[in-house]
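Student: coords please:
(chains A and B)
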Amino acid sequence: EAGVAQSPRYKIIEKRQSVAFWCNPISGHATLYWYQQILGQGPKLLIQFQNNGVVDDSQLPKDRFSAERLKGVDSTLKIQPAKLEDSAVYLCASSLLAGVNEKLFFGSGTQLSVL
Amino acid sequence: LAKTTQPISMDSYEGQEVNITCSHNNIATNDYITWYQQFPSQGPRFIIQGYKTKVTNEVASLFIPADRKSSTLSLPRVSLSDTAVYYCLVGEVNNDMRFGAGTRLTVKP
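Tutor: Coordinates of the predicted model:
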């Protein structure tokens, strides 16, 4: 079974530039999540999609971050403009459904460095 | 909101059994307890999940007492490759179920 695919693996940009990350979840998984993981901390949920609708984006800095999940499959997360504090690993995860006992399957993440 | 508390770090030696305890005093009736493992440069990986008593799989065991206010992840006979960060999560996947800083387990030869 193919896992969650993310690209790019690494990205280096200067502050105020824009950047986009792509995620392809496990086939058939209805729920998709984007997490931000700052070095030394646990992952922080940014946004959760159920199919192509947003379930929770309360922790997403909407003035600079945006995310979409077209056709309920792939998803992109964009940052525009980037700040130094956005340097982190951006993890995408998916689960079959959204529920209290659903397992999350994570991709390897995109490591973003903002200079 | 079920907050979890777990040790920041633990050290062990190869071949030993490791027990990592997580405290979750405010666990709700419908909450499950889930543990994830994360290696450097990888996303977290599901290890085990339980609701009460004991759950065992090929990787670990999870012990949950009757009051469910804590849980213990047990890793039998650890090896160097078990060096990782272990996260305890309680509840449902949304903003109320947060990944804390986790427990950094270091297995020494």
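Student: Whatever residue of chain B ends up closest to chain A in helix, strand or coil?
Tutor: For chain B, the residue closest to chain A is B:G43, as judged by CB to the nearest CB, at 2.8 Å. To be clear about C-beta, it is placed using only N, CA and C from the backbone, and glycine gets the same treatment. Judged by DSSP: H, G, I helix; E, B strand; the rest coil, the three-state class of B:G43 is coil.
Student: How many neighbouring residues does it have?
Tutor: Number of residues near B:G43 (other CB atoms under 10 Å in any protein chain shown) recorded here: 23.
Student: Also B:V107?
Tutor: 20.
Student: Which residue, other than its chain neighbours, is closest to the residue of chain B closest to chain A?
Tutor: The shortest distance from B:G43 to any residue other than its chain neighbours is 2.8 Å, reached at A:F106 (CB to CB, 6 or more residues apart in numbering or on different chains).
Student: distance of the closest residue to B:T5 other than its chain neighbours from B:P7?
Tutor: Closest residue in space to B:T5, ignoring its immediate chain neighbours: B:S23 at 4.3 Å, by CB to CB, 6+ apart. As judged by CB to CB, to the nearest Å, B:S23 and B:P7 stand 10 Å apart.
Student: Excluding covalently adjacent residues, which one is nearest to residue 10?
Tutor: I'll assume chain A. A:Q111 (5.0 Å).
Student: Chain B is the one I meant
Tutor: Spatial nearest neighbour of B:M10, chain neighbours left out: B:L105 (5.1 Å); criterion: CB to CB, 6+ apart.
Student: and the residue of chain B closest to chain A, backbone torsions?
Tutor: When read as degrees, to the nearest 10, the backbone of B:G43 gives phi -80, psi 160.
Student: What pLDDT does the model give A:L96?
Tutor: For A:L96, the model assigns a pLDDT of 87.
Student: Three-state assignment for the residue lying closest to it once chain neighbours are set aside, please.
Tutor: Nearest residue to A:L96, sequence neighbours excluded (CB to CB, 6+ apart): A:H29, at 5.5 Å. Put simply, A:H29 is coil when judged by three-state DSSP.
Student: Tell me what A:I47 is bridged to.
Tutor: A:W34 (DSSP bridges).
Student: burial measure for it, as a count.
Tutor: Neighbourhood size, A:I47 [other CB under 10 Å]: 24.
Student: quick one, what contacts the residue nearest to A:Y10?
Tutor: A:R9, A:Y10, A:K11, A:A88, A:V89, B:S41 (CB atoms under 8 Å, 6 or more residues apart in numbering or on different chains).
Student: mind checking the SS state of it?
Tutor: From three-state DSSP, the assignment for A:Q111 is strand.
Student: which residues does it bridge with?
Tutor: A:Y10, A:V89.
Student: go on, A:A5?
Tutor: Using DSSP bridges, the bridge partners assigned to A:A5 are A:N24.
Student: so what's it up against?
Tutor: A:C23, A:N24, A:G107.
Student: could you measure the first one against chain B, distance?
Tutor: The one in question is A:C23. Distance from A:C23 to chain B, counting by CB to the nearest CB, to the nearest Å: 11 Å.
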